[in-house]
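In: All I have is the shape, not the residue letters:
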């Protein structure tokens, strides 16, 4: 099998070919099955620059833990305001300069144009760890890995998305990718205010994918292979979820098929009740754990890509 | 000697048995006497998650330096507001997820209930690095190590506490522990507003410990084996120390016994004058240094506890 | 050649002898030419404390990357307000305590007196990474390295400084150092409000150095070996550069000599146009890259100085 990725920077899920996805999922599963003592450190040990211009712990920690597990180390920025950006430096300049201090760069930034600007003059791989409401490609890869682990395929699946679908970059990124595999069907379960974006619909139509918009979980629950729950992006919106939809709980899931897995990119707030955690269908903590292995796989493969 | 601790998580000093304390003090003193080049790195190298939801440099730095000296590494959070906690995630979920990214976790949090919540679903050891005004068990261990180094015992001691005794988790933690050893006597030296808490008094009464409350240092100075000075917890209180008590200085300590050591958890502000630094009794910088070795000992012993 | 530095702490450029400068430039150029795999790790691996009480990414990242490339690690503070300093601890105490947690310390602080206070009781090397508007000695070393790489000498040079000369610690530090080499000539190009400080002028007069103050770049451009552009220190001043001087651009540099290099400590804001980047004279990204190697050289030499 080809062990090269088709890209140098991972800025959008649209860069991911099916072969890229297979390579990354297989590498991540291999790493997950390898005892820590047997993981070969990358030499000379690489430095990852972890640049977060928006709050995050989960994503940042999983990238930083990933580079440490691979025998490398990191430098980081966990806050925007007290950085040299506060002095007004351009992202283009920052990307160029960071290439001298690190071997690979992870960037989260609120501006959807940030990735393109930052990577204009970089000479080391750049990974998009979230750009505004647009994309979060490594989250999509983690989701794909988790559903592949369970269903052993990425096609012929029925996926229900539940919650804030409009402002969720996670929904955008995952839908785009799954739409490229044959015979996947999408159910978007949300009230009108939070329904999937027009851009996303246009894309699905162009790719002649089956999709349904509904406000009722019961309309589709029994057909689902995956129920994907998302958090209300309160950073991007003022209404809270409880104002428009009651939280998902065990009662509402009485008819969930045995083989349907529940995913959630976490953190959850009040959109999903803790009582669901005891269901065998609940795979979101496994999904969160996969975050470490997928990010190890991505870093390792990108660094050995030349 | 048994080299296992009786606990998996260190959340409160009440978990510390006398055997635990001996094991940790002996391990810490061993590490202090070992040249850096001879310290055996723990393999595979461990990752410590250093989660500080309240400001700290001293405690955070000593934990992070400790894991580095043991051949490990760390991921950290040095500010609360820009974390995923800002998104409203529960401590229970956070603890569960962090267990996938780290091999041991250090948590400081302003909420006294935080430790219990966070450790509910963790699968790796959790260390309390301060929960609100309640406890700070590793500080108590450092204090015990420092006074053991000097007096070679933890019983039959006369301890004077001076300063803000009401809001000090350090005083709470250390008093609880010393009360479990036989024949220790406590002098609480403070004005009424800052006297030791009722909870602490009840505990001492129940354990039939000798204790005295006084507002005058001279009442007890000549009897003391340890004079423990504490900082006014201005984070928790608005009055400054100078408003209710003049700072401790060399003049006030003219009658200090030769064998009495002065401790202070540091940082000091204006409650203790620099002129005391030149006294042979001043052991607070040694105490601060012991912070590194005790935290190395705790991390090492917890990681090798299974 | 002597491989010892004349100082233990680098607090001001005035400590740098010509021999120190040669040693550091040669070591940095050696490191720059050494493949990463061949760089000998310092053992036992050192811990650097990176303490930034003023925002910075470039300087902080280059120090942290430097210690990692040398096989060490770091603990850091990237924000002032949430530190124990917020509790009112003195810099003297902090320096003493940090000596127990790290093998070498880098400090940036807004107060010009901070370096002296902090290093009063330290037992490990301390490096000034910027103290208010006064000094930034490692930036001066990087500048010297970059101009030495091009001109192969540090004397008999004609240097033009352009921009905010009054509030720039970079200009202060570099001018002081170059003034100590024979036959250097200085052109200070700025409007009256931003002209070089009186202190700097007095120093140049005392050392009988040639210098000229002008508001016109064309007065001197054709004579220059180095054109040093500086950013408006908007942190220290409210006017923006555009209010008093139009940005430097390619058009204004039509008569720049072929052998004149353009330096800038970066970050740049709007005082220097991107179109200059394509000129062969533009050496500021090389200068930024040299930051890593000079800081590696300084750390390595200080740690092996005893």
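Out: Looks like it came in fine. Everything numeric here is computed off the predicted structure, so don't read it as measured data. Residues are numbered from 1 along each chain as shown, chains lettered A, B, ... in the order given.
In: Report how many residues lie close to the residue of chain A found nearest chain B.
Out: For chain A and chain B, the shortest gap (C-beta to the nearest C-beta) falls at residue A:267, measuring 3.5 Å. Glycine gets a C-beta too; all of them are placed from N, C-alpha and C. Residue A:267 has 21 neighbours, counted by other C-beta atoms under 10 Å in any protein chain shown.
In: okay, now the residue lying closest to it once chain neighbours are set aside: neighbour count?
Out: Ranked by C-beta to C-beta, 6 or more residues apart in numbering or on different chains and with sequence neighbours excluded, the top spatial neighbour of residue A:267 is residue B:89, at 3.5 Å. The local packing of residue B:89 (other C-beta under 10 Å) involves 19 other residues.
In: and residue B:89, that one's in a strand?
Out: No: counting by DSSP: H, G, I helix; E, B strand; the rest coil, residue B:89 falls outside a strand, being coil.
In: how near is it to residue B:304?
Out: Applying C-beta to C-beta, to the nearest Å, the value for residue B:89 to residue B:304 is 31 Å.
In: go on, residue A:138?
Out: Taking C-beta to C-beta as the measure, residue A:138 falls 34 Å from residue B:304.
In: For those two, indicate the residue with more neighbours.
Out: Shown here are residue A:138 and residue B:304; by other C-beta under 10 Å, residue A:138 has more neighbours (24 against 11).
In: tell me which element that one is part of?
Out: Assigned by DSSP states H and E, residue A:138 falls within helix A:137-151.
In: Show me what secondary structure element comes after that helix.
Out: In N-to-C order, the element after helix A:137-151 by DSSP H and E is strand A:158-163.
In: confidence score at the residue of chain A found nearest chain C?
Out: Distances between chain A and chain C by C-beta to the nearest C-beta are smallest at residue A:89, namely 3.5 Å. You'll see residue A:89 listed with a pLDDT of 82.
In: how far away is it from residue C:285?
Out: For residue A:89, the distance to residue C:285 - C-beta to C-beta - is 13 Å.
In: likewise residue A:134?
Out: Distance, residue A:134 to residue C:285, using C-beta to C-beta: 29 Å.
In: same deal with residue A:17?
Out: Per C-beta to C-beta, residue A:17 is found 33 Å from residue C:285.
In: same check, this time on residue A:219
Out: 57 Å.
In: Run through the residues that contact residue A:97.
Out: Residue A:97 sits next to C:58, C:266, C:285, C:288 when contact means C-beta atoms under 8 Å, 6 or more residues apart in numbering or on different chains.
In: which stretch of helix or strand covers it?
Out: Here residue A:97 is assigned to helix A:91-101, by DSSP H and E.
In: who's in contact with whichever helix or strand comes after that helix?
Out: The helix or strand immediately downstream of helix A:91-101 is strand A:104-109, counting by DSSP H and E. With contact meaning C-beta under 8 Å, 6+ apart, strand A:104-109 is reached by A:46-54, A:56, A:59-60, A:63, A:67, A:91, A:95, A:98-99, A:114-115, A:118, A:122, A:124-132, A:299, A:302-303.
In: Over to stretch A:218-228?
Out: Contacts of stretch A:218-228 (C-beta under 8 Å, 6+ apart): A:143, A:147, A:151, A:157-162, A:171, A:174, A:185, A:187, A:189, A:212, A:214, A:253, A:255-257, A:259-264, A:281.
In: ranges for the strands of chain A?
Out: A:47-52, A:73-77, A:104-109, A:126-131, A:158-163, A:185-189, A:210-214, A:226-230, A:261-263 (DSSP state E).
In: and the residue lying closest to residue A:113 once chain neighbours are set aside, what are its bridge partners?
Out: Excluding its sequence neighbours, the residue lying closest to residue A:113 (C-beta to C-beta, 6+ apart) is residue A:131, at 7.8 Å. Beta-bridge pairing of residue A:131 under DSSP bridges involves residue A:109, residue A:135.
In: List the residues that contact residue A:131.
Out: Listed by C-beta under 8 Å, 6+ apart, the contact set of residue A:131 reads A:107, A:108, A:109, A:110, A:111, A:112, A:113, A:114, A:115, A:169.
In: So residue A:17 and residue C:285 - more neighbours on which side?
Out: residue C:285 (17 against 13).
In: Isn't that one up against residue A:95?
Out: No: judged on C-beta atoms under 8 Å, residue C:285 makes no contact with residue A:95 at a distance of 11.4 Å.
In: List the contacts of stretch A:139-148.
Out: Contacts of stretch A:139-148 (C-beta under 8 Å, 6+ apart): A:13, A:16, A:21, A:24-25, A:28-29, A:59, A:130, A:154, A:157, A:169-170, A:173-174, A:176-178, A:225-226, A:228, A:261, A:263, A:265, A:283, A:286-287, A:290-291, A:293-294, A:298.
In: Write a PyMOL command that selects only the buried members of these.
Out: The following PyMOL line selects those of the contacts of stretch A:139-148 that are buried, judged by 16 or more other C-beta atoms under 10 Å in any protein chain shown:
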select buried, chain A and resi 13+16+21+24+25+28+29+59+130+154+157+169+170+173+174+176+177+178+225+226+228+261+263+265+283+287+290+291+293+294+298
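In: Contact partners for residue A:250?
Out: If you count contacts by C-beta under 8 Å, 6+ apart, residue A:250 has them with A:273, A:275, A:276, A:278, A:279.
In: who wins for neighbours among these?
Out: Counting by other C-beta under 10 Å, residue A:276 has the largest number of neighbours within the contacts of residue A:250, with 23 neighbours.
In: Verify the contact between it and residue A:268 for me.
Out: No: between residue A:276 and residue A:268 there is no contact under C-beta under 8 Å: 9.6 Å.
In: which residues touch the closest residue in space to residue A:121 that isn't next to it in sequence?
Out: Excluding its sequence neighbours, the residue lying closest to residue A:121 (C-beta to C-beta, 6+ apart) is residue A:96, at 3.9 Å. If you count contacts by C-beta under 8 Å, 6+ apart, residue A:96 has them with A:120, A:121, A:122, C:285.
In: Run through the residues of chain A sitting next to chain B.
Out: A:36-37, A:39, A:55-58, A:61-62, A:64-65, A:68-69, A:73, A:78-79, A:231, A:234-235, A:266-270, A:274, A:285, A:288-289, A:291-292 (C-beta under 8 Å from any C-beta of the partner chain).
In: Those in helices, which ones?
Out: When DSSP state H defines the helices, the subset of those inside them is A:58, A:61, A:62, A:64, A:65, A:68, A:69, A:285, A:288, A:289, A:291, A:292.
In: Neighbours of the closest residue to the fifth one other than its chain neighbours, how many?
Out: Same thing as residue A:65. With C-beta to C-beta, 6+ apart as the measure, residue B:101 is the residue that lies nearest to residue A:65, at 4.2 Å, once sequence neighbours are left out. Look at residue B:101: counted by other C-beta under 10 Å, it has 26 neighbours.
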